[in-house]
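# Predicted structure and sequence below. I'll ask about it afterward.
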Amino acid sequence: MDGHTHRLPKPKSRGERMVELALSKIKSTSDLPTKQDEAGTSFDPFDIDPEDPFDVGSWHYGVDADDDSSDAYIPSLKESLLSHFNSLANKDSQDSFLATLIEVGTVERRRPTPGVVEGAQNPHDYSYKCHVKVVRGHTAVPVPVCIKAFLAFFGIKKGRVERIRASVATKGVPPQDQRGKHDNRPHAFSTGQVNMIINHISSFRGRQSHYSRKETRKFYLPEELNIAKMHRMYLELHPNEKCCYESYRYIFEQKFNISFGYPRQDTCSECDSLAVKISHLDKETQEEEVRRLMAEKELHQRKASVFYERKRAAKEAARAVGSTTAAVAFDFWKNMPLPNITTNDVYYRRQLSLYTFEVHDLGANKVYLYSYDETVANKGSNDVVSNS
């Protein structure tokens, strides 16, 4: 005894053993005779072709095809079958593929069963055989497998195979996926109810986002709003309509591109004007005009970048020790709607705007604010100068 504990390997399940048994039969070339192609040349249907993308033999793992070991061959074939099955578009396509691998036949021999009336419907009126197709060279060879190996190959349950083979036996076609297509959902939203929710969300007054370097098409609502509050307002407006929060949120996210709060990065009126002009031009018939406006917009944005670089340099110069340079920046703050109340009706009506003009001493890092509402003056350079 060396003092170390040796653990025995975990025994394989019955399904894994059946898969290995089926694959070992596929690997063996002694069970199938040599075939001939159209030219009359003999070839082995299990010969490995490295140029065939469906040839999933041992070449995929870099071992010799004549090697008797199936350690590399078995997982390669299983992985190929499962990968092709999972790549199919939907459940109907997968069921159609599985139906081609199930052979339906009649029961050749029956044992007398006491208590069974002759001619009555019997669950065992048909016999079924499963197989998988393995491509070797230019031939797809069907190899029979048991039901347990068939289920393990494609990672499915027995009930799914039973539904497929029952449909093929009685109707001749695989079953169609009926999930979500039944008329037994009394609480499903009608088109009118969905339109009511869409109209309610559209009734909120917000604003479009500005055009900046990264163009976006998002609608912005006030930051004090949220989906839960909008849902409560909808129920208050339509008390007889049943609508849970999840349904309201689903329509909100699927039908709209809305965010709460306004973007921090704004652009000047020149950027907005150029962006609107570009969006209204036909890019195919007015290509030269579009190119000219885009170049003008790019030049304007580059000038803005140069301005911010100069502003940063002026701030650093004003804050230097012993500096005699003064740097001042001024701008308007975000508009504040008045009155600032939580009444629901305020979101459907126009509010009074409060303007705040800021003067920022960059060197001393001090800010001076001047506030007035829209009844005193507008928001612009001429109004600021005339009212100062």
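Structure's in. What do you need? Numbers count the residues shown, from 1 in each chain.
# wait, doesn't V107 sit right on A169?
No. Between V107 and A169 there is no contact under C-beta atoms under 8 Å: 11.5 Å. (C-beta placed from N, C-alpha, C; glycine too.)
# Looking at the record's assignment, how would you partition this protein?
Domain segmentation of the chain under automatic domain parsing yields 14-106+125-171, 191-265, 267-321, 326-388.
# who wins for proximity to N184 among the ones you listed?
Set against N184 and scored by C-beta to C-beta, the domains of the chain come closest in domain 191-265, at 17.9 Å.
# So which residues of the stretch 101-250 of the chain form strands?
102-106, 126-136, 139-145, 207-208, 219-221 (DSSP state E, counting those that start in this stretch).
# With mean neighbour count as added columns, please give these in JSON lines.
Shown next, in JSON lines, are those (neighbours: other C-beta atoms under 10 Å):
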{"stretch": "strand 102-106", "mean neighbour count": "13"}
{"stretch": "strand 126-136", "mean neighbour count": "18"}
{"stretch": "strand 139-145", "mean neighbour count": "16"}
{"stretch": "strand 207-208", "mean neighbour count": "10"}
{"stretch": "strand 219-221", "mean neighbour count": "17"}
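# Tell me the backbone dihedrals of D95, please.
With angles defined as degrees, to the nearest 10, D95 sits at phi -70, psi -40.
# any idea how far V168 is from it?
Going from D95 to V168 by C-beta to C-beta, to the nearest Å gives 10 Å.
# do the same with T375
79 Å.
# who's more crowded, these two?
V168 (21 against 7; other C-beta atoms under 10 Å).
# what's the spacing between the more buried one and Y372?
Distance from V168 to Y372, by C-beta to C-beta: 80 Å.
# Where does the prediction get shaky in the stretch 251-388 of the chain?
For the stretch 251-388 of the chain, applying pLDDT under 70 flags the ranges 262-267, 341-349, 387-388.
# pretty sure A99 contacts G172?
No. Applying C-beta under 8 Å as the test, A99 and G172 come out as separate, 9.8 Å apart.
# Pick out whichever of those two has more residues nearby.
A99 (18 against 9).
# check contacts around that one.
The contact partners of A99, by C-beta atoms under 8 Å, 6 or more residues apart in numbering, come to 164-165, 167-168, 173-174.
# Buried among these? Make that a PyMOL selection.
Restricted to buried positions by 16 or more other C-beta atoms under 10 Å, the PyMOL selection for the contacts of A99 reads:
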select buried, resi 164+165+167+168+174
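# Among the contacts of A99, name the ones in helices.
Mapping these onto helices (DSSP state H) picks out 164-165, 167-168.
# Any chance of those in JSON lines with pLDDT as columns?
Shown next, in JSON lines, are the ones in helices among the contacts of A99 (pLDDT from 0 to 100):
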{"residue": "I164", "pLDDT": "92"}
{"residue": "R165", "pLDDT": "88"}
{"residue": "S167", "pLDDT": "90"}
{"residue": "V168", "pLDDT": "89"}
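# Next, format those residues as a markdown table and append distance to R136.
Below are those laid out as a markdown table (distance: C-beta to C-beta, whole Å):
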| residue | distance to R136 |
| --- | --- |
| I164 | 26 |
| R165 | 27 |
| S167 | 31 |
| V168 | 27 |
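# and the two most separated of these?
Longest span within the ones in helices among the contacts of A99, C-beta to C-beta: R165 and S167, 7.4 Å.
# Now do R163 against L88, distance only.
For R163, the distance to L88 - C-beta to C-beta - is 17 Å.
# So for T34, what pLDDT did the model give?
Note for T34: predicted pLDDT of 44.
# brain fart, H231
So, for H231, pLDDT stands at 93.
# Pull the contacting residues for it.
243, 245, 248-249.
# Please apply the same query to A326.
By C-beta under 8 Å, 6+ apart, the contact list for A326 reads 318, 361, 363.
# do that again at 7 Å, thanks
Contacts here follow C-beta atoms under 7 Å, 6 or more residues apart in numbering; on that basis A326 touches 318, 363.
# repeat for K315
The contact partners of K315, by C-beta under 7 Å, 6+ apart, come to 327, 362.
# Give me the three-state assignment for it.
helix (DSSP: H, G, I helix; E, B strand; the rest coil).
# what are the ranges of the helices in the protein?
Under DSSP H, the chain gives helices at 14-27, 73-86, 91-99, 147-154, 158-171, 191-202, 227-237, 245-255, 269-279, 287-318, 381-386.
# among those helices, which is the most enclosed?
helix 147-154 (a mean of 20; mean count of other C-beta atoms under 10 Å).
# What is it packed up against?
Contacts defined by 3 or more C-beta pairs under 7 Å, 6 or more residues apart in numbering; DSSP states H and E place helix 147-154 against helix 14-27, helix 73-86, strand 126-136.
# which residues are contacting stretch 242-259?
Contacts of stretch 242-259 (C-beta under 7 Å, 6+ apart): 189, 194, 197-198, 201, 217-221, 227-228, 231, 234-235.
# and if we set it to 10 Å?
187-189, 193-198, 200-202, 204, 206, 209, 216-221, 223, 225, 227-228, 230-232, 234-235 (C-beta atoms under 10 Å, 6 or more residues apart in numbering).
# what's the distance between the nearest residue to L237 once chain neighbours are set aside and A228?
Distances taken as C-beta to C-beta, 6 or more residues apart in numbering place H200 nearest to L237, at 6.7 Å, with adjacent residues excluded. Here H200 is placed at a distance of 14 Å from A228 (C-beta to C-beta).
# Also R312?
Distance, R312 to A228, by C-beta to C-beta: 42 Å.
# likewise A149?
The value you get for A149 to A228, if C-beta to C-beta is used, is 52 Å.
# got it, and H360?
37 Å.
# same thing with G192?
Distance from G192 to A228, by C-beta to C-beta: 24 Å.
# How about G261?
Distance from G261 to A228, by C-beta to C-beta: 16 Å.
# List the residues that contact the closest residue to A377 other than its chain neighbours.
Once flanking residues are discounted, A377 sits nearest to D383: 4.1 Å by C-beta to C-beta, 6+ apart. By C-beta under 10 Å, 6+ apart, the residues touching D383 are 355, 357, 372, 376-377.
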